[in-house]
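[1] from the sequence below, what's the structure:
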Amino acid sequence: MMRLPKFDYRTPRTIAEAVKIIGDVGPDAQFVAGGTDLYPNMKRRQQTPGTVISVMRLSELNKIDGDGKSGLTIGASVLLSDICDHTIIKRDYPVIASAARTISTPLLRNMGTIGGNLLLDTRCNYYDQNYEWRKAINFCLKKDGDVCWVAPGSSKCWAVQSSDLVPVMVAIGAKFRLISTLGERMIDAAGFYNDDGIDYLKKRPDELLADIHLPPTDGWRASYQKLRRRGAFDFPVLGVAAWIRCGTGSGSDRVADAKIVLGAIAPSPLDVSEAARELIGQPFDAEHIHAAAEACYVKARPLDNTDFVMNWRKQMAREYTLRALQELL
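    Model (predicted):
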């Protein structure tokens, strides 16, 4: 049985108190909400904070505000199950509700939060093992070692970004609000993720993800497709988020703007601009959808560090892009 290491547990009542605690304690502290990612990592000794600061009781982080038409603000501690069932999200942002519904199991969605999924640790077959297994291979570059076993000649960690909501947030243009004792800042989802399996977030350790700001629903549509071994529970080994906005008037049959984002094949979500160029200014039809899917196939370069054969996962980038775009027809 894997046991949690010893740690101090703090339960602040306000955001100001939470960021003060982490500011005082320093890098040895870490925020936790549902804990569905952090606590298993602590049991495997992948993360070992001396102080864990729970933010689940902060009322400011448990709200959903807005009418959808002018945007929506979702607190970082809102449960994934509440995301799936929220009336406005299902009506105006169905891609978020459907993507959240693919995360893990109903029991874990009743514990996990939207913020936790957006901050999910990167994953790899050589990293997501217990301490003894990792010690037997002399650890890995991401934790305690000096070699990336996925690409031994590389100085970079190739652990993959495996959140279902991240490619969706990047595709639709969401923004995140971060708070610390130094103040607060807003950052685009597209600029929040680094292409590095270790330093995978543009977030300081003392910053708290407070809420997610969704753009107004002014004519765009989006969809998400997920590849995994089992139809429930598993992390994605490929995720495709597709976003389009068609023109108005005489140009309503043409794509005015588009974005295709691939997840779970690299340390950060991959925005395939080549696929968008195949759609923008063109009729939204089968010919151009297939061209966009082919561009995603060319761009996708998965490595052998998650489930399934990597060459087959590359081929599925084409198929799952087709599915995501065809859903929007």
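[2] centroid residue for the chain?
    The central residue of the chain, meaning the one whose C-alpha is nearest the mean C-alpha position (Cα atoms, centre = their mean), is Val166 at 2.8 Å.
[3] which residues sit against stretch 84-91?
    The list of residues contacting stretch 84-91 from outside it, by Cβ atoms under 8 Å, 6 or more residues apart in numbering, reads 64, 66-68, 72, 74, 83, 96-97, 100-101, 109. The way it works is simple: take the backbone N, C-alpha and C, and place the C-beta from them, glycine included.
[4] try 6 Å
    Counting contacts by Cβ atoms under 6 Å, 6 or more residues apart in numbering, the residues outside stretch 84-91 that touch it are 68, 96-97, 100-101.
[5] same deal with stretch 135-146?
    The list of residues contacting stretch 135-146 from outside it, by Cβ under 6 Å, 6+ apart, reads 46, 126-127, 147-149, 157, 159, 197-198.
[6] try 10 Å this time
    When contacts are defined by Cβ atoms under 10 Å, 6 or more residues apart in numbering, stretch 135-146 is touched by residues 41, 44-48, 121-131, 133-134, 147-152, 154-159, 196-198, 200, 305.
[7] can I have the buried ones of these as a ChimeraX selection?
    Applying 16 or more other Cβ atoms under 10 Å to the contacts of stretch 135-146 leaves a buried subset, and the ChimeraX line that selects it is:
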select :41,44,45,46,47,121,122,123,124,126,127,128,129,134,148,149,150,157,158,159,196,197,200,305
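[8] picking up where we left off before, the residue nearest to the centre of the chain belongs to a strand?
    No - secondary structure of Val166, determined by DSSP: H, G, I helix; E, B strand; the rest coil: helix, with no strand assignment.
[9] what distance do you get for the residue nearest to it when sequence neighbours are not counted to Glu60?
    Beyond its immediate neighbours in the sequence, the residue positioned closest to Val166 (Cβ to Cβ, 6 or more residues apart in numbering) is Pro269, lying 5.3 Å away. Using Cβ to Cβ, to the nearest Å, Pro269 is found at 27 Å from Glu60.
[10] neighbour-wise, which of the two wins?
    Per other Cβ atoms under 10 Å, whichever of Pro269 and Glu60 has more neighbours is Pro269, with 25 against 16.
[11] all strands for the stretch 51-200 of the chain, in order.
    Listed in chain order, the strands of the stretch 51-200 of the chain (DSSP state E, counting those that start in this stretch) span 51-54, 64-68, 71-75, 175-180, 183-188.
[12] a markdown table please, covering those and showing distance to Glu207.
    Formatted as a markdown table, the entries for the strands of the stretch 51-200 of the chain read as follows, by distance: least, Cβ to Cβ, whole Å:
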| stretch | distance to Glu207 |
| --- | --- |
| strand 51-54 | 12 |
| strand 64-68 | 21 |
| strand 71-75 | 16 |
| strand 175-180 | 4 |
| strand 183-188 | 8 |
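[13] the ones you listed: lowest mean pLDDT?
    The stretch with the lowest mean pLDDT among the strands of the stretch 51-200 of the chain is strand 64-68, at a mean of 90.
[14] walk me through which strands that strand pairs with, and which way each runs.
    Next to strand 64-68 in the sheet, as set by DSSP bridges, lie strand 71-75 (antiparallel).
[15] residues in contact with the strand it pairs with?
    Identification of contacts with strand 71-75 by Cβ under 10 Å, 6+ apart yields 55, 58-66, 82-83, 86, 88-89, 92-93, 96, 113-115, 174-175, 177, 209-218.
[16] residue ranges with poor pLDDT in the stretch 151-300 of the chain?
    When residues are selected by pLDDT under 70, those of the stretch 151-300 of the chain lie in 250-251.
[17] which stretches in it count as helices?
    Under the criterion DSSP state H, counting those that start in this stretch, helices of the stretch 151-300 of the chain are mapped to 165-172, 273-279, 286-299.
[18] which of the ones you listed sits most buried?
    Among those, ranked by average contacts under mean count of other Cβ atoms under 10 Å, first place goes to helix 165-172 (a mean of 27).
[19] got the CA positions of it in PDB?
    Only the C-alpha atoms of helix 165-172 are listed here, as PDB (Å, rounded to 0.1, in the frame of the first residue of the first chain):
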ATOM      1  CA  LEU A 165     -10.100  20.800 -20.800                       C
ATOM      2  CA  VAL A 166      -6.800  22.500 -21.700                       C
ATOM      3  CA  PRO A 167      -7.100  22.100 -25.600                       C
ATOM      4  CA  VAL A 168     -10.700  23.300 -25.400                       C
ATOM      5  CA  MET A 169      -9.700  26.400 -23.400                       C
ATOM      6  CA  VAL A 170      -6.900  27.200 -25.800                       C
ATOM      7  CA  ALA A 171      -9.200  26.700 -28.800                       C
ATOM      8  CA  ILE A 172     -12.000  28.900 -27.500                       C
END
